[in-house]
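> no sequence for this one, just the structure:
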């Protein structure tokens, strides 16, 4: 998937389609997939077990970085192939959209601590984030929150997500850092 971005043009409505049954192992010490072209959508084709699947493997820092605005990711499955992968998605740009993305353990003790994280501490860097119809199926007891936000954020839409985790106590669905605030947020179902 990472190499497909080199064929995209920013802000032209480009779409990268990932075919049914595509399986890919992603490795990297501080990344793995770089979604660095603005306005590009990544759409997985297929339903159920036919959806494209990405195994995030080879260390705790492998991730899908969203560093360009207006990035969209939908209908993909991400499995953690290593114990305590810090995050699957690291976001530093505005208007990232997720729809029908699933996060799961590859096997026992191979888990994401936090599937989606706005890593930028700059206020409003992740404004307009949308997380819709996503699922997190996690059986490990060391999981944290589903979504972590590290700066003030405006316009979050968090709807129709299903979270099943064995984390300590009752980990929050959304965690904001320190005194950071969510404004004009819609959080339902």
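Good, I have the coordinates. Since we're looking at a predicted model, the values are computed, not measured.

> Could I get the contacting residues of the most centrally placed residue in the chain?
Centroid-nearest residue in the chain: residue 89, 3.7 Å away (criterion: CA atoms, centre = their mean). By CB atoms under 8 Å, 6 or more residues apart in numbering, the residues touching residue 89 are 63-66, 73, 96, 98, 115-117. All C-beta atoms are positioned from the backbone trio N, CA, C, and that covers glycine.

> where in this protein is pLDDT low?
29-30, 168-170 (pLDDT under 70).

> the helices in it, which residues?
Taking DSSP state H as the criterion, the chain contains no helices.

> ok, back up a step: among the contacts of residue 89, which lie within strands?
The strands, defined by DSSP state E, take in 63-66, 73, 98, 115-117 from these.

> Tell me the one of these nearest residue 14?
Nearest to residue 14 among those, counting by CB to CB, is residue 73 at 13.7 Å.

> which parts of stretch 46-63 are buried?
Buried residues in stretch 46-63, counted by 16 or more other CB atoms under 10 Å: 46, 51-63.

> so which of the residues you listed comes closest to residue 132?
residue 51 (16.0 Å).

> quick revisit: of the contacts of residue 89, grab the buried ones for ChimeraX.
This is the ChimeraX syntax for the buried subset of the contacts of residue 89, where burial follows 16+ other CB under 10 Å:
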select :63,64,65,66,73,96,98,115,116,117
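
> could the contacts of residue 89 be laid out in JSON lines, adding distance to residue 165?
Converted to JSON lines, these look like this (distance: CB to CB, whole Å):
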{"residue": "63", "distance to residue 165": "19"}
{"residue": "64", "distance to residue 165": "20"}
{"residue": "65", "distance to residue 165": "23"}
{"residue": "66", "distance to residue 165": "23"}
{"residue": "73", "distance to residue 165": "21"}
{"residue": "96", "distance to residue 165": "22"}
{"residue": "98", "distance to residue 165": "17"}
{"residue": "115", "distance to residue 165": "10"}
{"residue": "116", "distance to residue 165": "13"}
{"residue": "117", "distance to residue 165": "15"}
